[in-house]
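Asks: Here's a sequence, model it:
(one chain, ligands or ions: 1)
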Amino acid sequence: MNPSDFELVLSGVRKDFGHRNRRFTAVQPLDLRVDQDSRIGVIGESGSGKSTLARMIVGLERPTDGVITFDGRPVPEWLAMRSSRLEYRRYVQYVAQDTSSSFDPRKTLYDAVSAPLRFLWGITDPAQLRTRLHAIAEELSLDPRLYDRHPHQVSGGQRQRFALARSLVVEPRLLICDEVVSALDVSVQGTVLNLIKSHITRHGMGLLFVAHGLPAVAFISSELLVMKEGAVVETGPVGRIVSAPEHPYTRELLSAHAGPDSARVEVAR
Ligand SMILES: Nc1ncnc2c1ncn2[C@@H]1O[C@H](COP(=O)(O)OP(=O)(O)OP(=O)(O)O)[C@@H](O)[C@H]1O
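Replies: Numbering: from 1, shown residues only. So this is what the prediction gives:
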């Protein structure tokens with residue numbers, strides 16, 4: 001077994017929010033298996049439960065029912081003790097869309113991107129940190145001189161790439177991207193998607209990619225999970241779903257991208 005191999009298993013995972021008569025189910029009972037070869041795209045309209053699913057995997061939300069295990073160990077156990085929590089953060093990294101709030105405005109981008117190397121990997125040697133940070137900047141087509149700036153002193157597209165750099169520099173086994181390109185200009189979206197795709201391929205990482213936009217998801221994923229009102233209504237290889245969707249809701253999503261002005265749905269190879 002390769003050291004980067006892993007197995008994440010969701011069994012009967014459900015998430016409810018609210019209390020008593022205001023209670024509702026954001027994620028219906030769901031089973032899913034993710035490993036180092038997975039490129040899973042999660043798609044669905046706003047409020048369908050995609051982010052809640054991602055947040056449960058990283059431990060930002062606790063399932064109401066069901067179990068999530070990583071290499072056979074339940075996520076709450078990974079997160080219970082500091083040492084295993086840090087280990088879990090080395091294995092599973094999460095990048096969300098709202099990059100402005102995920103960066104400390106008082107810290108430079110250098111501090112932000114080097115923090116996980118210091119805290120999760122215990123790397124403190126400045127020369128080593130600099131080498132790693134320069135390498136990841138180059139890979140994400142970022143000018144390393146931007147590291148001296150604060151998060152509000154770079155563009156939204158650059159900040160999103162710094163957020164990716166902060167996760168990718170950790171070299172996780174599983175990368176979870178939650179709407180990482182939605183707020184970007186269409187031209188920058190393509191660049192960022194290509195960068196993520198080449199990075200995960202080169203480093204052999206599993207990917208769970210959450211987005212509204214089918215073209216982005218289809219480009220980067222090999223399997224799709226279509227969610228509607230908290231339920232998975234269709235799963236399967238991207239190529240099959242794009243060419244022959246079975247569920248009416250999937251057909252609806254596809255037709256929303258079929259117009260002459262919409263981006264073409266490109267399927268990952
Ligand atoms: N902490 C919370 N408390 C209460 N309700 C929540 C909470 N987080 C999410 N929800 C609700 O759960 C449902 C699913 O939300 P979620 O963010 O998972 O959807 P989504 O598919 O990711 O949507 P979007 O694409 O807009 O991000 C929504 O109705 C949302 O309002």
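
Asks: Who's the closest spatial neighbour of the residue in the stretch 101-250 of the chain positioned nearest to the ligand, skipping the chain neighbours?
Replies: The minimum distance from the stretch 101-250 of the chain to the ligand, using Cβ to the nearest ligand atom, falls at His212 (5.5 Å). Bear in mind the C-beta positions are built from the backbone N, C-alpha and C, glycine included. Excluding the flanking residues, the one nearest His212 by Cβ to Cβ, 6 or more residues apart in numbering is Ser182, at 6.1 Å.

Asks: Hmm, Pro215 and that neighbour touching each other?
Replies: No - shown here, Ser182 and Pro215 do not form a contact pair, counting by Cβ atoms under 8 Å, at 11.6 Å.

Asks: higher neighbour count, the two?
Replies: Pro215 (20 against 14; other Cβ atoms under 10 Å).

Asks: With Val170 as the reference, measure out to Val67.
Replies: According to Cβ to Cβ, to the nearest Å, Val67 and Val170 sit 25 Å apart.

Asks: dump the residue contacts of the spatially closest residue to Ala216 that is not a sequence neighbour.
Replies: Nearest residue to Ala216 in three dimensions, chain neighbours excluded: Val181, at 5.4 Å (Cβ to Cβ, 6+ apart). Residues near Val181 by Cβ atoms under 8 Å, 6 or more residues apart in numbering: 160, 188-189, 192-193, 211, 213, 216.

Asks: any idea where the helices of the stretch 101-250 of the chain begin and end?
Replies: 109-121, 126-139, 156-168, 186-203, 214-220, 238-243, 248-255 (DSSP state H, counting those that start in this stretch).

Asks: could you say what helices and strands the fifth one packs with?
Replies: When you say that, I think you mean helix 214-220. Contacting helix 214-220 under the criterion 3 or more Cβ pairs under 8 Å, 6 or more residues apart in numbering; DSSP states H and E are the following elements: strand 39-43, helix 186-203, strand 206-211, helix 238-243.

Asks: related to what we said a few turns ago, run a quick check on the residue of the stretch 101-250 of the chain closest to the ligand versus Glu179, I expect a contact.
Replies: Yes - at 7.1 Å, His212 and Glu179 qualify as touching, with contact defined as Cβ under 8 Å.

Asks: circling back to that earlier point, and the helices of the stretch 101-250 of the chain, which is most packed in?
Replies: Most buried of those, by mean neighbour count (mean count of other Cβ atoms under 10 Å): helix 214-220, with a mean of 25.

Asks: For Ile200, give me its contacts.
Replies: So Ile200 contacts 39, 175, 206-207 (Cβ under 8 Å, 6+ apart).

Asks: One more pass at 6 Å, please.
Replies: Ile200 sits next to Leu207 when contact means Cβ atoms under 6 Å, 6 or more residues apart in numbering.
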